[in-house]
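>>> missing the sequence, but the structure's below:
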């Protein structure tokens, strides 16, 4: 059953208009639709089935895990250098802070020319420094160190493609 209501709107000095609105024009209201759901009983959830794994499948997973761990170790060695870095022997003719463009640095007997010396990252109490170098074949290299611990933090990198890769060295002289 549809009921209608009449509304009267008055406009300034003009005729009154009558608008009709239909109540419940979209069917039954939500209250009417769900009025009789008090006695509804829902079915219990089905128990989850567990997969039974055989010994062969478990062994296969263990082998895959071991293989993956070995691959991760190989990748870490390739990225970080083949072995742990031993302390680098440093022979300095002047303080490292005084190295400037055009100076010569010898790394394991290879002669490099300094391109620039700058602060890579300022950590507040210390600065991470970088000395960029190149050789006669125009290969790019970088020596990184922390300003407060030069001897213990010095590392040597070679530019390959677009990324500097750490290389193990034994002796640096300037």
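Received, thanks. Predicted, not measured: the structure shown is a model, and the values here were computed from it.

>>> how are the strands of this structure distributed by residue range?
4-9, 17-22, 89-91, 104-107, 110-122, 127-134, 140-146, 155-160, 163-167, 171-173 (DSSP state E).

>>> possible to save those as TSV with mean pLDDT?
Listed next are the strands of the chain as TSV, based on pLDDT from 0 to 100:
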stretch	mean pLDDT
strand 4-9	46
strand 17-22	46
strand 89-91	90
strand 104-107	94
strand 110-122	94
strand 127-134	95
strand 140-146	94
strand 155-160	92
strand 163-167	89
strand 171-173	93
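
>>> can I get those strands in a markdown table with mean neighbour count and distance to residue 38?
Quick note: C-beta positions are derived from backbone N, CA and C, even for glycine. Shown next, in a markdown table, are those (neighbours: other CB atoms under 10 Å; distance: least, CB to CB, whole Å):
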| stretch | mean neighbour count | distance to residue 38 |
| --- | --- | --- |
| strand 4-9 | 8 | 32 |
| strand 17-22 | 9 | 30 |
| strand 89-91 | 12 | 85 |
| strand 104-107 | 16 | 84 |
| strand 110-122 | 14 | 67 |
| strand 127-134 | 19 | 70 |
| strand 140-146 | 19 | 73 |
| strand 155-160 | 16 | 73 |
| strand 163-167 | 14 | 68 |
| strand 171-173 | 16 | 84 |
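
>>> so which of those comes closest to residue 48?
Of all those, it is strand 163-167 that lies closest to residue 48, at 46.7 Å by CB to CB.

>>> redo the strands of the chain as TSV? Include distance to residue 46.
Listed next are those as TSV, based on distance: least, CB to CB, whole Å:
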stretch	distance to residue 46
strand 4-9	50
strand 17-22	45
strand 89-91	71
strand 104-107	68
strand 110-122	57
strand 127-134	59
strand 140-146	60
strand 155-160	57
strand 163-167	53
strand 171-173	69
